[in-house]
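Q: Have a look; sequence and predicted model below, questions after that.
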Amino acid sequence: MRARLEEINKRILMDIKVDPSEARSPSPDPKYDSYGKRSNTRDQRIKAKLTQERQRLIERALLMNPYFKPPADYKHEPKKLTRKIFVPVHDNPNYNFIGLIIGPRGSTQKKMEAETGAKIAIRGKGSTKPGKGRRDGKTNPGDEDDLHVLITADSERSLNLAEEMVNTLLKPVEEGKNDLKREQLRELARIHGTLRDASDDGSSSAN
C-alpha cells in the first residue's frame, strides 16, 4: 500500500502520460467550466481516478495502522449517508405532499433541516414545474425516478430523525384537520400581508 501510494503521488505531481490500456476507454462528452475551458480531458479524468484511489488507500492505512502518518495534504472526507423515501402520489394524486414538505418559501423544509442536521430535497418526476429546473440545464441525479424525498446526513441519528419527520408528512390528513397546513396558510398570509386578526373577522362583539 505504501509503495502504491508513492507511485500515485509521483503520477499526480508529474505530467500524466496515458498508457495504452487507459487510452482505450471511451471518451465521454466534453464538459466545460464557467471560463469555457474543458474540465474532463483524459488526463484530468485519470488524475481524478488516481486521487480517489489515493484517498481510499490512506483511509485503509489509517484503519490498519493507527500510527500511520498521512500526507500533509490529506483531508478526511466524511461519508454522506443517504435515504430515499418515495412519495405516495399514485395513491393520493390530489394531495399536495410537496407543498407540505417545503412550506411557504421553504420554511418547513428549512425547519426540518435545522432540527435534524440533515439535508432534505425533493427529487424525481414532478419535483419541478415544467420549464423550470437547474440554471445549467442539467438534471439532478434521480430525476427520472418516481417522486421521492432524498435525505442526506452525516450520521445515522440525523438520517433517522429526518426520515421520521418526512414520513409524518407523507401520511395524508383529512381536509380541515391538518394543523400544519393551517399554520402554513397563516404564514403565507402573513408573508403576503393579508393575515387578519381575530378582532377583524367580525367575531368580536361590539360595545
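A: Yep, it's here.

Q: Quick one: residues contacting residue 112.
A: 118, 120, 162, 165-166 (C-beta atoms under 8 Å, 6 or more residues apart in numbering). (C-beta placed from N, C-alpha, C; glycine too.)

Q: In these, which residue is surrounded by the most others?
A: Counting neighbours by other C-beta atoms under 10 Å, the top entry in those is residue 118, with 26 neighbours.

Q: Need the phi and psi values for that residue.
A: Note on residue 118: backbone dihedrals following degrees, to the nearest 10 are phi -100, psi 160.

Q: Hmm, residue 158 and it touching each other?
A: Yes. In terms of C-beta atoms under 8 Å, residue 118 counts as a neighbour of residue 158; the distance is 4.7 Å.

Q: quick one: which of the contacts of residue 112 is nearest residue 4?
A: Residue 4 has its nearest neighbour among the contacts of residue 112 in residue 118, at 35.8 Å by C-beta to C-beta.

Q: Distance of that closest one relative to residue 169?
A: Using C-beta to C-beta, to the nearest Å, we find residue 118 at a distance of 14 Å from residue 169.

Q: all helices of this protein, in order?
A: Along the chain, the stretches classed as helices by DSSP state H are 2-13, 20-23, 42-64, 97-102, 107-116, 156-169, 179-192.

Q: so which of these gets nearest residue 81?
A: Using C-beta to C-beta, the nearest of the helices of the chain to residue 81 is helix 156-169, at 5.1 Å.

Q: Need the contact partners of the closest one.
A: In contact with helix 156-169 (C-beta under 8 Å, 6+ apart) are residues 81-83, 85, 97, 100-101, 112-113, 115-118, 120, 149, 151, 153, 180.

Q: same check, this time on stretch 89-100
A: 87-88, 108, 122, 126-127, 146-147, 169-170, 172, 178, 180-181, 184.

Q: Please save the CA atoms from it in CSV.
A: Provided in CSV are the C-alpha atoms of stretch 89-100 (Å, rounded to 0.1, in the frame of the first residue of the first chain):
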residue,chain,number,x,y,z
VAL,A,89,-48.6,10.2,-5.2
HIS,A,90,-50.2,7.3,-7.1
ASP,A,91,-52.5,6.5,-4.2
ASN,A,92,-53.2,10.2,-3.4
PRO,A,93,-52.9,12.1,-6.7
ASN,A,94,-54.6,15.3,-5.5
TYR,A,95,-52.8,15.6,-2.2
ASN,A,96,-50.2,18.4,-2.0
PHE,A,97,-47.2,16.5,-0.5
ILE,A,98,-44.6,18.8,-2.0
GLY,A,99,-46.3,21.9,-0.5
LEU,A,100,-46.4,20.4,2.9
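
Q: which of the residues in that stretch are buried?
A: By 16 or more other C-beta atoms under 10 Å, the buried positions in stretch 89-100 come out as 89, 95, 97-98, 100.
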